[in-house]
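Novice: Got a sequence here, can you build the structure:
(chains A and B)
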Amino acid sequence: MAGAKHEIASAMRATIFLSPCLALALTGVSGGVARAAAAVDATPSETGSTGLYRMATLDGVGSGAVHLALLGEFTRSTNLLVVNDVDTRVITRLAAAADLGRRAEVFASLSLSYNREEQPVPDAPSILETAFVPVLFLGAKAAAWRNDTFAIGGELGARVPLSGPGLPEAISGWFDVLGSAQLWAAQRSSLRAHASIGYYIDNGQKQLDVTRLSESDILLFMFEHAAGTDRIRGALGLEGAFQGQTSPRFRPFVEYHHEVARGAPNVLLLTEPKAADHQQWVTLGLKAGIGPRVTIAAGVDVAIQSSAIALGPPLPPFNLWAGVAVPFQTSRSGGP
Amino acid sequence: MSRGHSGPSGRPWRPLVVTASTIGMWACQPTPLCPDVYSNVAVSVPAATYAPAVPRFAPINAATAAGATGTTVSIVSNQGTVSYAGRGPFQAFVFNRSPFPAAQSTVYGGLGVENGTWFPFFLYCSGDGRLTKIYGEMTDRNVAVFDDVDGTCTDQGVGPMAPVSLAANTLSPVALTCGFSVHGPAPASIDLEGSRNGNMVFFGTDSIALPFHTVDCRTQCGTPGWYELHTIVWNQAQQEVGFGIVYLDDMQVRWGSGIELPNGSADDTLTYPSATWSLYR
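Specialist: Prediction:
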């Protein structure tokens, strides 16, 4: 009897002890199983903020890891900026994200963009222009509330041009509200949804001296520097996760982006009577976890609609991207 | 990645690529711009005095609000100064008037003159006496501004237009726009191609034609739609230089809404009845 009483008492103590732990896990204070699993595959997005590729999510926040990624993009399009032109752009990014405590993350991404624009001219040599554009993205995000199913937070960031005039006026910035939800989960698969909405303050054109430039000069600058006008931006993401007995972890995802220009158009590029102020694109991607640490990823951005050029450079029809990411656990890490 | 995994990991790309291709091909994209091409012709404009013998419309006073910066209009009895796009103020005069129902305005055509560059512009005047917009161009750049302005515009109580003295000037460089092809046989011959010097018969004489800007009015300017080539024409034999618009529509190719210097003619319309045209931008 004494032994039985002791067992019962131990079980009660364990139950009493486990309840707060379970509660903590469910409320996300110390992280849940699902979040820990998601954090394994959390990789920096283009800005460094952990997420999919073009959109940040809250999944990697608090995982206790420093995430590093090397990313590359390639796009080649014709008849995009100038009649019959050929635009080629190659971008390499070194992105990193690190936790600040259990609810916040700081991130950065150094982006080096090489642009080549060839414009054919009838009865004359083609016009060839190249540009090398280094940019640094910096920011932070935090989870305001989360449990194993839902998470809500926010992000602040800045885009700092590292070449050309106009600093600090040419620094752009954004703030986004982020949300994530687990729609479905099984032993070896899950489906998560992500959303973000925010505002992008685009000061990129402050580096541009327009007084003696032609339309194509201005548009080419905007394309090279990804400079447009202030805009409301929203994104929806859907992310699956699958893992077989022996296969790598696969995480296909799709992002839908919609932006509405709110700033003043560049009056020198008002080539259309009514300026279209919406732009939309989708990003399709696939991440594959190789072994316990490495994640490789690749995908494509596909343009749906570009805004008028007075409000921003046109989206290339296709933009291919790929990358590799590695997490490094910190000493405080409680995650895998 | 091991060979054993390469097969399964490659398959997901097929639907991705197919989907991407399907969507990307139908993406809505803005019209691409023209390459920076300039004519090698320096157009010599003789000194002129613009004084219409028989005014076709009542002269106007038009002005932007006091204190306006950037884009300004200061026109009294059809002449004065204008500035836009960081250029000017330059000498300017008004030579044309036409109703523009689609914009609920009367549009006054004018010309600004500097040595090297002409500045064709269009003032949008509402029925209640307001100057609401200005559409401005420049011959040395394939560019236009379409600025909202706050100002006044009236032909009530405006004195007669005094002669406008214009100094000799040379237009160079003249930008060459693109995206069109216009051809017509003699005697009213016209040959215009994008990014090239063109030629057209201008008052009976073959002349150099330099289209420097286009305006797409196929959908939102009126019915039926049309397309405009804003063009400098130089009749070297008669030493005449004109600014005007080559209109392309379903019916014909014609020249109009322009002005010729030094004679100051501003009400001429020329047609090129056998000409055909196409757009490729």
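
Novice: only C-alpha atoms for contact and neighbour calcs from this point on.
Specialist: OK.

Novice: Tell me how many other residues surround residue 162.
Specialist: Since no chain was named, I'll use chain A. Other residues within reach of residue A:162, judged by other C-alpha atoms under 10 Å in any protein chain shown, total 15.

Novice: I was after chain B.
Specialist: Neighbours of residue B:162 under the rule other C-alpha under 10 Å: 13.

Novice: Could you pull up the contacting residues of the closest residue to it other than its chain neighbours?
Specialist: Nearest residue to residue B:162 in three dimensions, chain neighbours excluded: residue B:51, at 7.0 Å (C-alpha to C-alpha, 6 or more residues apart in numbering or on different chains). By C-alpha atoms under 8 Å, 6 or more residues apart in numbering or on different chains, residue B:51 lies in contact with B:161, B:162, B:163, B:164, B:264.

Novice: Give me the buried subset of those residues.
Specialist: Buried members of those, scored by 16 or more other C-alpha atoms under 10 Å in any protein chain shown, are B:161, B:164, B:264.

Novice: Assign the first one to helix, strand or coil.
Specialist: The local conformation at residue B:161, judged by DSSP: H, G, I helix; E, B strand; the rest coil, is coil.

Novice: Chain neighbours aside, what residue packs nearest to it?
Specialist: residue B:77 (5.0 Å).

Novice: number of nearby residues for the closest residue to residue B:177 other than its chain neighbours?
Specialist: Nearest residue to residue B:177, sequence neighbours excluded (C-alpha to C-alpha, 6+ apart): residue B:212, at 4.8 Å. Neighbouring residues of residue B:212 were enumerated by other C-alpha under 10 Å; the total is 27.

Novice: same thing with residue B:114?
Specialist: Per other C-alpha under 10 Å, the neighbour tally for residue B:114 reads 18.

Novice: Touching, it and residue B:89? I think so.
Specialist: No: judged on C-alpha atoms under 8 Å, residue B:114 makes no contact with residue B:89 at a distance of 9.7 Å.

Novice: on that earlier part again, next, count neighbours for the residue nearest to residue B:161.
Specialist: Residue B:77 has 20 nearby residues by other C-alpha under 10 Å.

Novice: quick one: it and chain A, what's the gap?
Specialist: Relative to chain A, residue B:77 is positioned 28 Å away (C-alpha to the nearest C-alpha, to the nearest Å).

Novice: what's the answer for residue B:232, then?
Specialist: Taking C-alpha to the nearest C-alpha, one finds residue B:232 at 19 Å from chain A.

Novice: next one: residue B:101
Specialist: According to C-alpha to the nearest C-alpha, residue B:101 stands 15 Å off from chain A.

Novice: if you skip the residues just before and after it, what's nearest to that residue?
Specialist: Counting by C-alpha to C-alpha, 6+ apart, the residue nearest residue B:101 is residue B:222, at 7.7 Å.

Novice: what about that neighbour, which SS state?
Specialist: coil.

Novice: Isn't it up against residue B:102?
Specialist: Yes: using C-alpha under 8 Å, residue B:222 is in contact with residue B:102, at 5.8 Å.

Novice: higher neighbour count, those two?
Specialist: Legend: neighbour count by other C-alpha under 10 Å for residue B:222 and residue B:102, higher for residue B:222 (13 against 10).

Novice: count of neighbours near residue A:77?
Specialist: If you count neighbours by other C-alpha under 10 Å, residue A:77 ends up with 18.

Novice: no, scratch that, I was asking about residue B:96
Specialist: With other C-alpha under 10 Å as criterion, residue B:96 counts 21.

Novice: Sheet partners, orientation included, of the helix or strand it falls within?
Specialist: Element membership of residue B:96, judged by DSSP states H and E, is strand B:87-100. With DSSP bridges as the test, strand B:87-100 is paired with strand B:79-84 (antiparallel), strand B:105-114 (antiparallel).

Novice: Show residues contacting that strand.
Specialist: Outside strand B:87-100, the residues that touch it by C-alpha under 8 Å, 6+ apart are B:57, B:72, B:75, B:78-83, B:105-114, B:164, B:257-259, B:266-267.

Novice: now do stretch A:120-135
Specialist: Everything outside stretch A:120-135 that qualifies as a contact, by C-alpha under 8 Å, 6+ apart, is A:84-85, A:110-119, A:159-163, A:224-225, B:35, B:37, B:195-196.

Novice: residue ranges of the helices in the stretch 151-300 of chain A, please?
Specialist: A:215-225 (DSSP state H, counting those that start in this stretch).

Novice: Outline the domain layout of the chain.
Specialist: Let's take chain A. What automatic domain parsing lists as the domains of chain A is A:1-30, A:32-329.

Novice: meant chain B, my bad for not saying
Specialist: B:52-162, B:170-279.

Novice: want to try JSON lines for those domains, with distance to residue A:259 as columns?
Specialist: Listed next are the domains of chain B as JSON lines, based on distance: least, C-alpha to C-alpha, whole Å:
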{"stretch": "domain B:52-162", "distance to residue A:259": "24"}
{"stretch": "domain B:170-279", "distance to residue A:259": "25"}
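
Novice: Pretty sure the residue nearest to residue B:177 sits against residue B:142.
Specialist: Yes: Residue B:212 lies in contact with residue B:142 (C-alpha under 8 Å); the separation is 5.7 Å.
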